[in-house]
Every structure is written in C-alpha cells, then in structure tokens.
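[1] give me coordinates for this.
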Amino acid sequence: MISIYTDGAARGNPGPGGWGALLKSGTHYKELSGGFSCTTNNRMELLAVICALEAIKRKSADVTVYSDSSYVCDAINKGWLFGWEKKGFLKKKNPDLWRRFLEIYRKHKVQFVWIRGHNGHPENERCDTLAVEASFMKDLPIDEGYLAQLSESSPDLLTME
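    As a prediction, the model looks like this:
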C-alpha cells in the first residue's frame, strides 16, 4: 500500500504556483515538488497528484491519495471526471492535466480521501510547505497547458495590441 499526500498553491490565481507531494510505503519516503511562473491553484493541486502517481515504479499499485482539494477529490469520488471524459472535456478547465491524470490513474488501484487543509495534518502541512516553496523558485517554467487554455477562452488577452 502506498499513501500519497498532495497540495498545490498559487500566489495569485493565476500567479506563480507550486505543488508538493509526499509518498510513503513501509519504510520508504519520498518528497516531490515543482512549480510554474503563471498557473492556478487547481492546476497545481491536480499536478501534485499526477506527478506523485507517475513516480510510482510498481504496476497496479494500491494507492490512497490524501488531498485537501475538493476539486480533485470530488471529480473522482463523485464520478464527474468520467462524464467530462465522455464529453471530450467540452468547456471544462484543465483538460490537458485531466487526460494525463486518467492515463496514470488507470495503471493503479487508486482511492481518494479528502482531508481538511491547514488543519495541522503533518503530511498535508509538509506538502503545503513544499508547494509554497516551489512557487518561489527562481526561473520557474511556463505552464504551457494553462497558457493554451487561456488563449482558447480569451485569445485577445495574449495579444499586445
């Protein structure tokens, strides 16, 4: 059994953002983090889960993901994601990340548990720290998926006229 804890953060929404993840299995412990120069909190919440699942080397692992993101947990636990997929993610945000998520999600046996954020949960607090620290890293890359989504919804926002 693998336990994954995740969190995402954005300083401004959109703004510089980061994600953090912590993986635990027996005596094994791993921390992951990353960030982007301009992104959203929900993208970072979802990316934390994706990157943590992608870090699992064993196939068909039993995984429990603990997240304070109702956006992520509800999409899976309430089945919304699978309806979005059937409709080609029409008018849904973050289709690039949801497609990437589904690809790795289907390689494991994953359950999601929502936990209250900023409530003293040690692993969640650690992931929050990782996410916030990542949002302050120098030379953060551009979140191409966010920019593509932004240009589709408001192409005039990206022109300098």
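
[2] what number of residues lie near residue 76?
    Using other C-beta atoms under 10 Å, residue 76 has 19 neighbouring residues. Just so you know, the C-beta spots here come from the backbone N, C-alpha and C atoms, and that holds for glycine as well.

[3] next up, the contacts around the residue most central in space within the chain.
    Central residue of the chain (C-alpha atoms, centre = their mean): residue 46, 1.9 Å from the mean position. Residue 46 makes contact with 8, 69, 71-72, 94, 97-98, 101, according to C-beta atoms under 8 Å, 6 or more residues apart in numbering.

[4] could you do residue 100 as well?
    Residues counted as contacts of residue 100 (C-beta under 8 Å, 6+ apart) are residue 50.

[5] do the same with the one 4 residues further on
    Residues in contact with residue 104, defined by C-beta under 8 Å, 6+ apart, are 50, 53-54.

[6] within the sheet, what are the partner strands of the helix or strand containing residue 16, with directions?
    Per DSSP states H and E, residue 16 falls inside strand 15-25. The pairing partners recorded for strand 15-25 under DSSP bridges are strand 2-10 (antiparallel), strand 28-39 (antiparallel).

[7] next, the angle from the helix or strand just after the longest one to strand 2-10.
    Right, the one you point to is strand 28-39. Past strand 28-39, further along toward the C-terminus, the next helix or strand under DSSP H and E is helix 41-54. Between helix 41-54 and strand 2-10, the angle comes out at 150 degrees (axes from the mean of the first three to the mean of the last three C-alpha atoms, to 10 degrees).

[8] buried sites along helix 41-54?
    41-53 (16 or more other C-beta atoms under 10 Å).

[9] on that earlier part again, mind putting the contacts of residue 104 into a markdown table with distance to residue 123?
    Listed next are these as a markdown table, based on distance: C-beta to C-beta, whole Å:
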| residue | distance to residue 123 |
| --- | --- |
| 50 | 18 |
| 53 | 16 |
| 54 | 19 |
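
[10] any idea of the mean pLDDT in the host helix or strand of residue 72?
    According to DSSP H and E, residue 72 maps onto helix 70-77. Averaged across helix 70-77, pLDDT comes to 98.

[11] quick one on the thing from earlier: separation between the residue nearest to the centre of the chain and residue 27?
    Noted for residue 46: a distance of 29 Å to residue 27, by C-beta to C-beta, to the nearest Å.

[12] what of residue 113?
    In this view, residue 113 and residue 27 are 22 Å apart by C-beta to C-beta.

[13] equivalent analysis for residue 14, please.
    From residue 14 across to residue 27, the span is 39 Å (C-beta to C-beta).
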